[in-house]
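S.K.: sequence first, then the predicted structure, then my questions.
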Amino acid sequence: MRRALGILVAVIWIAAVAVITVPDFFRVERLTPIAQIIAFRGVIVLALAAVAILALFASFARSIRPLAVTILIVAVVGAAAGGATMVNRGIGTDSLPAKTDEAIRVMTWNTAGPATSADEIARLAVAMDADIVALPETTIETGEQVAIEMRELGHPMWAHHAKDPSTPWDAGSTTLLITPDLGDYAVIESSVEGTSTTSTVPSAVAMPVSGAGPIVVAAHAVAPRADYMDDWRADLRWLGDQCAADNVIMAGDFNATLDHFGGLGVDGGELGRCRDAAAASGTGAVGTWSTAWPPLLGTPIDHVMTTDAWTVTGSLVLSSVDGSGSDHRPLVVQLEPATP
């Protein structure tokens, strides 16, 4: 009986570690509670390492040695695999490369509404020399104030906006700032009216008025809470659909990590035809939420994603503003037009 119980525990342990390590293989990455657990890959790696240490000590007891050794081996393999994934995606960079004449910088920051002042947003965006700024949970009034302050600092921007009146406080607003150097832009009516956007918290799709230049999407997907799982899955599919064109830059709070995008990419993309810029440039495993957690234990749910029209040359997750009031860290990415 004891042996049978040990085998059962071992099988369950192996299955559990496999699922949280490679969830896309089992097609469970967007199911509750797996979706919530795998968001914290750094925590999973740390927990598996702790289990491995405990199992090592437990293996000295002859009566449970076979089970303890099995748990130890599986925990080590799971921690190593998870750690390798994090290293492959990038565990952080210290700076961005020098900005060339053709380069643009994209910044996304979920400001948590009034928790972050317009002055702080403006100063950071100017310091980062940002050309596109996606601001989920930011009203147009705050966005316009940010644009005014950036103009006064010698860095003019146009402010665009999408709003869902049914969503309370500033979470129902998403603001997008775009430099005039990229030309004139307008948010498509379906985003403004809410007929084609993310389900609960809005996303803004801005098109170049001239027809030239990238389509710019300020993204905000609803969080994968138990009551919103269907909406969350629909939001991720909708965001993937925005990457159908050749020239798209999409930035914002996706409330999802790369582990949640399994099966949503096409033509080599990770979400639609878009690829994650942070993972391509060394910061893909750095947590942007929550600022209460160390960066490598947080979850990287804020993204800048692009189609093949752009080459990523650098990225930076800014923990220097963790005391700003927002529970998200800003992400800044530098892009260059892809060589034809």
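M.R.: Looks like it arrived, so ask away.

S.K.: alpha carbons only for contacts and neighbour counts from here, please
M.R.: Will do.

S.K.: where along this protein do the strands fall?
M.R.: 104-108, 132-136, 158-163, 173-178, 185-187, 204-208, 215-220, 248-253, 275-276, 302-306, 310-317, 331-337 (DSSP state E).

S.K.: mind listing what's buried along the last one?
M.R.: Buried residues in strand 331-337, counted by 16 or more other CA atoms under 10 Å: 331, 332, 333, 334, 335, 336.

S.K.: what residues does it touch?
M.R.: With CA atoms under 8 Å, 6 or more residues apart in numbering as the test, strand 331-337 has contacts from 96-97, 99, 102-109, 128, 130, 277-278, 288, 302-304, 309-318.

S.K.: could you rerun that using 7 Å?
M.R.: 102-109, 277, 304, 309-318 (CA atoms under 7 Å, 6 or more residues apart in numbering).

S.K.: sorry, back to before: which of the strands of the chain sits most buried?
M.R.: Highest mean neighbour count of the strands of the chain: strand 132-136, a mean of 30 (counted as mean count of other CA atoms under 10 Å).

S.K.: off-centre distance for that one?
M.R.: Put simply, strand 132-136 sits 13 Å off its chain's centre (CA atoms, centre = their mean, to the nearest Å).

S.K.: next, the angle from that strand to strand 248-253.
M.R.: 40 degrees (axes from the mean of the first three to the mean of the last three CA atoms, to 10 degrees).

S.K.: I'd like to know which elements strand 132-136 is packed against.
M.R.: strand 104-108, strand 173-178, strand 248-253 (3 or more CA pairs under 7 Å, 6 or more residues apart in numbering; DSSP states H and E).

S.K.: by mean pLDDT, flag the weakest helix or strand of the chain.
M.R.: Of all helical and strand segments in the chain, the minimum by mean pLDDT, DSSP states H and E falls on helix 189-193, at a mean of 67.

S.K.: so what pLDDT did residue 194 get?
M.R.: Looking at residue 194, its pLDDT reads 59.

S.K.: cool, and the one 3 residues further on?
M.R.: Residue 197 carries a pLDDT value of 85.

S.K.: surely it meets residue 206?
M.R.: No: between residue 197 and residue 206 there is no contact under CA atoms under 7 Å: 12.0 Å.

S.K.: for the stretch 151-300 of the chain, which spans come out with low pLDDT?
M.R.: 190-195 (pLDDT under 70).

S.K.: quick one: the helices in it, in order.
M.R.: 189-193, 229-241 (DSSP state H, counting those that start in this stretch).

S.K.: looking at the ones you listed, which is buried most?
M.R.: helix 229-241 (a mean of 20).

S.K.: so that one versus strand 248-253, what angle?
M.R.: Using the same axes, to 10 degrees: helix 229-241 against strand 248-253 is 150 degrees.

S.K.: now helix 229-241 against strand 215-220, angle please.
M.R.: Going by the same axes, to 10 degrees, helix 229-241 makes 160 degrees with strand 215-220.

S.K.: which one of the helices and strands packed on strand 132-136 lies closest to residue 35?
M.R.: Across the helices and strands packed on strand 132-136, residue 35 has its closest neighbour in strand 248-253 (16.1 Å, CA to CA).

S.K.: for that closest one, packing partners?
M.R.: strand 132-136, strand 215-220, strand 302-306.

S.K.: for the second one, packing partners?
M.R.: What that stands for is strand 215-220. strand 204-208, strand 248-253.

S.K.: on that earlier part again, as CSV, the helices and strands packed on strand 132-136 with distance to residue 120 would be great.
M.R.: Below are these laid out as CSV (distance: least, CA to CA, whole Å):
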stretch, distance to residue 120
strand 104-108, 14
strand 173-178, 15
strand 248-253, 18
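
S.K.: out of those strands, flag the one nearest residue 29.
M.R.: For the helices and strands packed on strand 132-136, proximity to residue 29 was assessed by CA to CA; strand 248-253 is nearest, at 18.1 Å.

S.K.: for the closest one, list the C-alpha coordinates in CSV.
M.R.: Extracted C-alpha coordinates of strand 248-253, given in CSV (Å, rounded to 0.1, in the frame of the first residue of the first chain):
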residue,chain,number,x,y,z
VAL,A,248,2.3,47.0,-36.7
ILE,A,249,3.7,48.2,-33.4
MET,A,250,1.6,47.1,-30.4
ALA,A,251,2.4,48.1,-26.8
GLY,A,252,0.6,47.9,-23.5
ASP,A,253,-0.6,45.8,-20.6
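
S.K.: give me the residues contacting it.
M.R.: Counting by CA under 7 Å, 6+ apart, strand 248-253 makes contact with 108-110, 134-136, 214-221, 301-307, all of which sit outside it.

S.K.: same thing but at 6 Å, please
M.R.: With CA atoms under 6 Å, 6 or more residues apart in numbering as the test, strand 248-253 has contacts from 108, 134, 214-220, 302-307.

S.K.: indicate which one of the strands of the chain is closest to residue 259.
M.R.: Nearest to residue 259, of all the strands of the chain, is strand 275-276, at 11.7 Å by CA to CA.

S.K.: ok, that closest one: who's next to it in the sheet?
M.R.: Strand 275-276 pairs in its sheet with strand 302-306 (antiparallel), by DSSP bridges.

S.K.: for this structure, what's the longest helix?
M.R.: Using DSSP state H, we find that the single longest helix of the chain is helix 65-89.

S.K.: in that helix, what counts as buried?
M.R.: So helix 65-89, judged by 16+ other CA under 10 Å, has buried residues 65-72, 74-83, 85-87, 89.
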